[in-house]
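Sequence plus predicted model, see below.
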Amino acid sequence: CLRRACEDLGPIFVKFGQLLSTRPDLVPADIVLELNHLQDNVAPFAPEEFQRIVEGSLGAGVETIFASYDKTPLASASVAQVHTAVLKDGREVVIKVVRPGIERVIEQDIALLLLVARWIENNTLDGKRLHPVEIVQDYRITIVDELDLQREGANASQLRRNFLQSPLLYVPEIYWDYTRSNVLVMERIYGIPVTDVTALAAQGTDMKKLAERGVEIFFTQVFDHNFFHADMHPGNIFVSRKNPQLPQYIAVDMAIVGSLTREDQYYLARNLLAMFRRDYRLVAELHVQSGWVPNTVRVEELEAAIRTVCEPIFEKPLKEISFANVLLSLFRTARRFDMEVQPQLVLLQKTLLNIEGLGRQLYPDLDLWATAHPFLERWLKNRFHPKSLW
């Protein structure tokens, strides 16, 4: 019912439903599963309006800026619409434009959502536990950020620079001469949608390698670069047609990115290693040391609660264990001990859920821990090498 209501109420509510599906720390698993099916396909606005916005922002006619320009949209979503074009020097590009009048629609819908959220929080048993007002306020920040295409361009440029010489991930180039707050022009990419398993198999893609590289990209972004693409759902990820035996990912839509403090990086790495060694005492101590839970918490009680949650999980073979769900269970347990919602960790957890789900879809026998463990060990060792400390 909630999914259908979001679809009936329109694109902003669809977007809100999608955001809810990324908050498994606050929303029950069955609702998350249903909201994952929300599609963001919105009727396009008139090509004349698109052209008017592009020309108004760039200060010249499309025939002056582009060698050719397709009036039929390539894609149309709730916040923006995309058309293809070719620059005068022959480079193929896509033009992304923010929907006209979307700011007013968003403010109206956010006001309505806040009204409903406050009622739920004040009048239902689960209201306070689910923090609906907090979710709506987070959503407002997220969607307002998405309206600034210059910000998205800056995120894409940073991510591109981080992976410029990497065989793991390709990020399209942003053409800054033609980019403004409501218009973004970027390199057009050609790849196979990551969920098109038939096409990937047809070109002989090494699916095991593809799944493992997805995990490696995640940990590289989080720990080496401390700058991660936080909206890596399947619609934003493609696979290059070059070298299918050593497949390279292509990422688009960098409106939402995340980063951690150095302290959070350290405590997260140590927590993950301690969990998989079943050192629950250390996990509990790290939660207190990091400040994620108050130092008034009895470590013995937190340790016992973590053991209760984790032991049944770790009785399975490692390849059957969901890394993301372990982290989710850990944070849910810690919340019973007054762990505050950590926005940066929730964003990371959501990204890990996306990556792990995608990896298992590509290669069901993916052993995420086999890829993650040496990476975390190496990162901690390098971090605390005498030279690094000096």
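Yep, that arrived.

buried sites along the longest helix belonging to the chain?
Secondary structure of the chain per DSSP state H: the longest helix is helix 102-123. Within helix 102-123, the residues scored as buried using 16 or more other C-beta atoms under 10 Å are 102, 106, 109-110, 113-114, 117, 121. For glycine as for every other residue, the C-beta is placed from the backbone atoms N, C-alpha and C.

So what's the gap between that helix and the chain middle?
24 Å (C-alpha atoms, centre = their mean, to the nearest Å).

helices and strands around that helix, which ones?
When contacts are defined as 3 or more C-beta pairs under 8 Å, 6 or more residues apart in numbering; DSSP states H and E, helix 102-123 packs onto helix 11-20, helix 127-130, helix 132-146.

tilt between that helix and helix 132-146?
Note on geometry: by axes from the mean of the first three to the mean of the last three C-alpha atoms, to 10 degrees, helix 102-123 and helix 132-146 are set 170 degrees apart in direction.

Name the nearest of the buried residues of helix 102-123 relative to Arg241.
Nearest to Arg241 out of these is Ile102 (C-beta to C-beta; 34.4 Å).

For the closest one, which non-adjacent residue is spatially closest?
Counting by C-beta to C-beta, 6 or more residues apart in numbering, Ile102 lies nearest to Val79, which is 6.2 Å off, once chain neighbours are set aside.

any weak-confidence spans in the stretch 1-150 of the chain?
Judged against pLDDT under 70, the low-scoring parts of the stretch 1-150 of the chain cover residues 1-3, 6-12, 15-16, 18-29, 32-33, 35-42, 126-130.

give me the number of residues near the closest residue to Val252 other than its chain neighbours?
Excluding its sequence neighbours, the residue lying closest to Val252 (C-beta to C-beta, 6+ apart) is Asn236, at 5.4 Å. Per other C-beta atoms under 10 Å, the neighbour tally for Asn236 reads 18.

Ok, Lys319 next?
13.

Could you measure from the closest residue to it other than its chain neighbours over to Gln137?
Nearest residue to Lys319 in three dimensions, chain neighbours excluded: Asp367, at 4.0 Å (C-beta to C-beta, 6+ apart). Here Asp367 is placed at a distance of 38 Å from Gln137 (C-beta to C-beta, to the nearest Å).

now swap in Leu159 and tell me
27 Å.

got it, and Leu112?
Relative to Gln137, and taking C-beta to C-beta, Leu112 is found at 14 Å.

which residues does Glu303 contact?
By C-beta atoms under 8 Å, 6 or more residues apart in numbering, Glu303 lies in contact with 280-281, 283-284.

Which pair in those has the greatest spatial separation?
Maximum distance among those (C-beta to C-beta): 7.3 Å, for Arg281 and Val283.

Compare neighbour counts for the two and give me the winner.
Using other C-beta under 10 Å, the more surrounded residue of Arg281 and Val283 is Val283, with 24 against 16.

Strands of the stretch 251-390 of the chain, residue ranges please.
257-258 (DSSP state E, counting those that start in this stretch).

For it, give me the ranges with low pLDDT.
For the stretch 251-390 of the chain, the ranges with pLDDT under 70 are 318, 341, 343, 385, 388-390.

Sketch out the helices for it, chain order is fine.
Taking DSSP state H, counting those that start in this stretch as the criterion, the stretch 251-390 of the chain carries its helices at 262-276, 280-289, 299-314, 323-335, 343-362, 368-383, 386-389.

if we can go back for a sec, dump the contacts of Glu303 to JSON lines, plus distance to Leu246.
Output for the contacts of Glu303, formatted as JSON lines (distance: C-beta to C-beta, whole Å):
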{"residue": "Tyr280", "distance to Leu246": "39"}
{"residue": "Arg281", "distance to Leu246": "42"}
{"residue": "Val283", "distance to Leu246": "36"}
{"residue": "Ala284", "distance to Leu246": "41"}
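
Pro294 against Leu302, yeah?
No - using C-beta atoms under 8 Å as the test, Pro294 is too far from Leu302 to be in contact (10.6 Å).

Between these two, which is the more surrounded one?
Leu302 (23 against 12).

Look up how far Thr308 lies from that one.
Counting by C-beta to C-beta - Leu302 and Thr308 are separated by 11 Å.

Now for these two: what residues contact both?
Common neighbours of Leu302 and Thr308 (C-beta under 8 Å, 6+ apart) are Thr333.

list the contacts for Met43?
Let me fix one detail, which is that residue 43 is Ala and not Met. Counting by C-beta under 8 Å, 6+ apart, Ala43 touches Ser76.

circling back: pretty sure the residue nearest to Ile102 contacts Glu103?
No - counting by C-beta under 8 Å, Glu103 is not a contact partner of Val79; they are 10.3 Å apart.

okay, and the common contacts of the two?
By C-beta under 8 Å, 6+ apart, the residues touching both Val79 and Glu103 are Leu147.

Let me know whether my guess that Val185 is in a strand holds.
Yes - counting by DSSP: H, G, I helix; E, B strand; the rest coil, one finds Val185 located in a strand.

That one: how many residues sit nearby?
Neighbours of Val185 (other C-beta under 10 Å): 27.
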